[in-house]
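Chemist: just coords:
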């Protein structure tokens, strides 16, 4: 207990004020970053076909400097998000962690991002913010399986697929695009595919 007593004795008003100021500053920074990024990212950011190209027309030195800064900020936001996720600490902790993941460049982060954004509270907060600034809701992707292929009465090639959302099984069908027809092996029965679905009507879905 001596260390606790010594710590308490070492506290001064200045140190407490500095700590509170740093916490509030971090909180405000995370809120501002959430607002900017969640509004600016494309609606199809979480699509498996989305390809990010950061500052493509910039000089390599500017681009790499911005990439390093972006990753440092991403790591910082993940740390802030973990802190905000602690019991009794106010703030959008999970959303801040998601924002940090969006900003850092590491392999294998997409499944983690997808699991976070599919949380109803996180998705609702992000889409409410986007709606406030006139942006379309985020398009979400889940894993699905092709169970059948068929030709409809108009001669169009259809795939029938199943997927699960929040513990509920869905079955739907979609017409293959010309681009998808060039990859027939990707849409045979048993193939794993990405399913983009409407968050307000989960039966409304298309194959990625």
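Modeler: Nice, I can see it. Only a predicted model underlies this, so the values are computations on that prediction, with no experimental measurement involved.
Chemist: wait, what's in contact with residue 102?
Modeler: Applying CB atoms under 8 Å, 6 or more residues apart in numbering, one finds that residue 102 lies in contact with 37, 41, 45, 74, 113. Backbone N, C-alpha and C define where each C-beta goes, glycine included.
Chemist: Apply 10 Å and report the result again.
Modeler: Contact analysis of residue 102 by CB atoms under 10 Å, 6 or more residues apart in numbering lists 33, 37-38, 41, 45-46, 52, 70, 74, 77, 109, 113, 116-117.
Chemist: Which one of these is nearest to residue 145?
Modeler: Closest approach to residue 145 among these (CB to CB): residue 46, at 19.5 Å.
Chemist: So residue 197 sits against residue 166, correct?
Modeler: No - with contact defined as CB atoms under 10 Å, residue 197 does not count as touching residue 166 (11.3 Å).
Chemist: ok, the two, which is more surrounded?
Modeler: More neighbours surround residue 197 than the other of residue 197 and residue 166, with 20 against 9 (other CB atoms under 10 Å).
Chemist: can you pull up the bridge partners for that one?
Modeler: residue 140, residue 205 (DSSP bridges).
Chemist: same thing with residue 164?
Modeler: Bridge pairing for residue 164 - DSSP bridges - gives residue 169.
Chemist: burial of it, as a residue count?
Modeler: Using other CB under 10 Å, residue 164 has 13 other residues around it.
Chemist: got a pLDDT number for it?
Modeler: Reported pLDDT at residue 164 in the predicted model: 84.
Chemist: gap between it and residue 28?
Modeler: According to CB to CB, to the nearest Å, residue 164 stands 39 Å off from residue 28.
Chemist: same question, residue 112
Modeler: 26 Å.
Chemist: One more: residue 119?
Modeler: 24 Å.
Chemist: out of these two, which sits in the busier spot?
Modeler: The neighbour comparison of residue 119 against residue 28 (other CB under 10 Å) goes to residue 119, with 14 against 10.
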